[in-house]
Structure formats: C-alpha cells, structure tokens
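Trainee: what would the 3D arrangement of this be:
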Amino acid sequence: MLYRTLGSGEHALNVSVVAFGTLSVAPGQMHARIEPDAATETMLAALDSGINLFDTAPGYGDGEAERRLGAALRASGRPREAYLVATKAGGPTLTPEEIFADCDASLNRLGLDVIDLYQIHWHKRVVPIAESVDAMTELVRRGKARHIGLCNSGPNDIADATSRGAAIVSDQVVYNLLSRAAEFALVPCCLRSRIGVLCYSPLAQGLLTGRYRSGDELPPDRARSRHFVGTRPSSRHGEPGCEPAVFAAVEAIRGIAHDAGLSMADLATAWLLHQPGVSSVLVGASRPDQVRANACAVDIRLSDEVLRRLDATTATVKSAMGPNLDMWQGAADSRVR
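Mentor: Residues are numbered from 1 along each chain as shown. Okay, here's the model as predicted:
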C-alpha cells in the first residue's frame, strides 16, 4: 500500500491511497443484504491489505455503517493508531449546535473518543459554511476531532470555509473517468490551498466495470445522474444527458483495458491515482476478495500512452458534463459551488 499526507505538521494524517467507503456495508443502501459478520470480514480484509482510511457517515444505513465500522475495528484488535476514521456532519441545517450533537452521536456509534477526519457532508446553505466550520474547529480544540474536511464542496465553498483561517485538509467529491468536473476548477483550487482530493464513486456506480452497455440495463437508482437523460425514473436534473457519448467511452475504455491487460475497474482506479491532487480513492466492497482486488490498484503503473488514450476517450463526456460538480442536479440548482 502507498500513503499520502493530509494536513501538515506532527498531526498530519498519512492516508492509504486506496480507502474503504462504508456505503457498501450499510443495509438499505448499495448492498442491502450484507450481514454484519460479512461486513466485519470485509473491513478486516481492508486492514490486512494496508488500507487505513475508512470513510463513513451517519446517513449510511441510518447510522448502521458507523456501528458496523466501529465493531469491525474493535474486532481487529489493532491499536488505535493503525486506522483512521472519517465521518461526516450531515444534519438538516449544520448549525453549531447540530454539529456538536452529530459528532457526539457518531462517536457513540463508532465507539471512539476522537474522529480523525470530520467532514461537512453537503453544505445545506441554511447557515454560512464558515459558521459550520467554526464549530468543527471547536471540536478539534475539544479533542473530539483531529482534522476538518469538506465533502461535495466546490471552489466558492472552499473559499468561504477557509475565510476565517480554518485548516481544511480535504474535499471529497465525485471523480472518475466519466465524471471529470473536478478538473475544471476544483483540483487547481485544492492544489493551491494544499487540500487533498478524496475521490468517491471511482467506478461511476458500475459503469466503469463494463457491466452495462446501455442506460436501459442499469437499475433506475443508478441511471439518475446527469450522464443520463433527465426523463429517466428518479432523475431530477432535467438535462438531456449524454448517453451515446458515455457508452461510446465505456466501450473505448474496455478496449484500452484489454490492451493493457487490466480489468476496467483496475484501470479506472489506477487512472485516478495518477491524477494531480488526488490523495485517496474511496472504493466499496462487500466481500474480502473484492477489497483485496481494489487494494492492488496501487501497484499499477499506467504508461503515458495509456493516460493519453484515456484522456482523449473521455474528453467528449467531460465537455458535455461540464464543470458542475453535482452529478445529480443541474447547474442552476447545483448543491456544489
């Protein structure tokens, strides 16, 4: 496993470049039938593979992902310094009082004394983001959190969040070969501000596994992003989408992966690890063999030619999707600014 640094100084976090996203072990989400023992076994396999960063949230399975993560970490018998836990404040308003209560509830579910990386899940725009970040800074002062991060925040929100001098170490956003909005302004902003980019949805909800060849093959809840026409069930973005370009890119990526002797999933994950500003890629798994395969992406070195082909292959989709970082709502209503 390889590790990269979030933050600076003696309290900096050395995070594995492949992290474990616990949405995959939360009942009622992507893997509704996974049992607690299977979830524990999968997360222990992540630790054994060198993964030390585990990302969760109260909203994953109504707190069950946090509970299952805490149980797995205790079952591992490993010292506290062997793993890093990132969770989020995601209440309806993100007032300071709400954030303090959310933090205590997360600590209780996790069975921990301190959260390594406490993140704002989505800026709710009820109170200024700087006030929410002030509350999180107070949690760091109280010893309940070690570092502050953002999740689904764009350059404008980063500027507002840091306007009072808060030390933001990361921003977690959708970033993958078919969702490259981060490259327009967010990644340059994060590089300037020394903020690490944490990438979620690295396989574009299964599109980059090669499993699907048309939008009609996807479950409705996975065909609601702006890649797809806005008239599909569950969609709310109201845009025309770019389905022909998306599936043309998927087929081209399939060919590039074949030429490189890689699976599409490995190629997509490795590509992210080659991008500027990326600190860690959050991958999900519901079985130990899946998480071990995900961890192997750190050993893949892509040639300049492969990187050039992937850039050219996905350029049309990148242009069509544009700089809007919200994959599920149109630019006028984007929650990421």
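Trainee: off-centre distance for stretch 285-299?
Mentor: 16 Å (C-alpha atoms, centre = their mean, to the nearest Å).
Trainee: identify the residues contacting it?
Mentor: Here stretch 285-299 makes contact (C-beta atoms under 8 Å, 6 or more residues apart in numbering) with 1-2, 17-18, 20, 24-25, 31, 34, 38-39, 41-46, 49-51, 265-266, 269-270, 273, 281, 283. The C-beta positions use only the backbone N, C-alpha and C, and glycine is treated the same way.
Trainee: do a quick rundown of the helices in this structure.
Mentor: Remark: helices assigned in the chain by DSSP state H are 36-48, 64-76, 96-110, 129-141, 155-161, 186-193, 243-260, 264-273, 288-295, 304-313, 315-321.
Trainee: would you format the ones you listed as CSV with distance to Gln329, mean pLDDT and mean neighbour count included?
Mentor: Below are those laid out as CSV (distance: least, C-beta to C-beta, whole Å; pLDDT from 0 to 100; neighbours: other C-beta atoms under 10 Å):
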stretch, distance to Gln329, mean pLDDT, mean neighbour count
helix 36-48, 31, 96, 19
helix 64-76, 24, 96, 21
helix 96-110, 23, 97, 18
helix 129-141, 18, 97, 20
helix 155-161, 15, 96, 19
helix 186-193, 17, 96, 18
helix 243-260, 18, 97, 17
helix 264-273, 23, 97, 23
helix 288-295, 29, 94, 19
helix 304-313, 26, 98, 15
helix 315-321, 13, 98, 17
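Trainee: figure out which of those is closest to Gly210.
Mentor: Gly210 lies closest to helix 264-273 among those, at 4.3 Å (C-beta to C-beta).
Trainee: show me what that closest one packs onto, helices and strands only.
Mentor: helix 243-260, strand 278-283, helix 288-295, helix 304-313 (3 or more C-beta pairs under 8 Å, 6 or more residues apart in numbering; DSSP states H and E).
Trainee: so which of those gets nearest Ala71?
Mentor: The closest of these to Ala71 is helix 288-295. By C-beta to C-beta, the value is 16.2 Å.
Trainee: export that closest one to PDB, keeping only CA atoms.
Mentor: Below are the C-alpha coordinates for helix 288-295, written out as PDB (Å, rounded to 0.1, in the frame of the first residue of the first chain):
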ATOM      1  CA  PRO A 288     -12.900  -9.700   1.200                       C
ATOM      2  CA  ASP A 289     -11.800 -10.700  -2.300                       C
ATOM      3  CA  GLN A 290     -13.200  -7.500  -3.700                       C
ATOM      4  CA  VAL A 291     -11.400  -5.300  -1.300                       C
ATOM      5  CA  ARG A 292      -8.100  -7.200  -1.900                       C
ATOM      6  CA  ALA A 293      -8.500  -6.700  -5.600                       C
ATOM      7  CA  ASN A 294      -9.200  -3.000  -5.000                       C
ATOM      8  CA  ALA A 295      -6.000  -2.600  -3.000                       C
END
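Trainee: okay, angle between it and helix 36-48 too, please.
Mentor: 30 degrees (axes from the mean of the first three to the mean of the last three C-alpha atoms, to 10 degrees).
Trainee: coming back round to it: reformat the helices of the chain as TSV; add distance to Arg213.
Mentor: As requested, those are exported to TSV (distance: least, C-beta to C-beta, whole Å):
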stretch	distance to Arg213
helix 36-48	28
helix 64-76	31
helix 96-110	40
helix 129-141	41
helix 155-161	36
helix 186-193	30
helix 243-260	6
helix 264-273	12
helix 288-295	22
helix 304-313	16
helix 315-321	16
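Trainee: so what's the residue most central in space within the chain bridging to?
Mentor: Compute the mean C-alpha point of the chain, and by C-alpha atoms, centre = their mean the closest residue is Tyr200, 2.4 Å away. Here Tyr200 sits in beta bridges with Val174, as judged by DSSP bridges.
Trainee: good, we can wrap up now.
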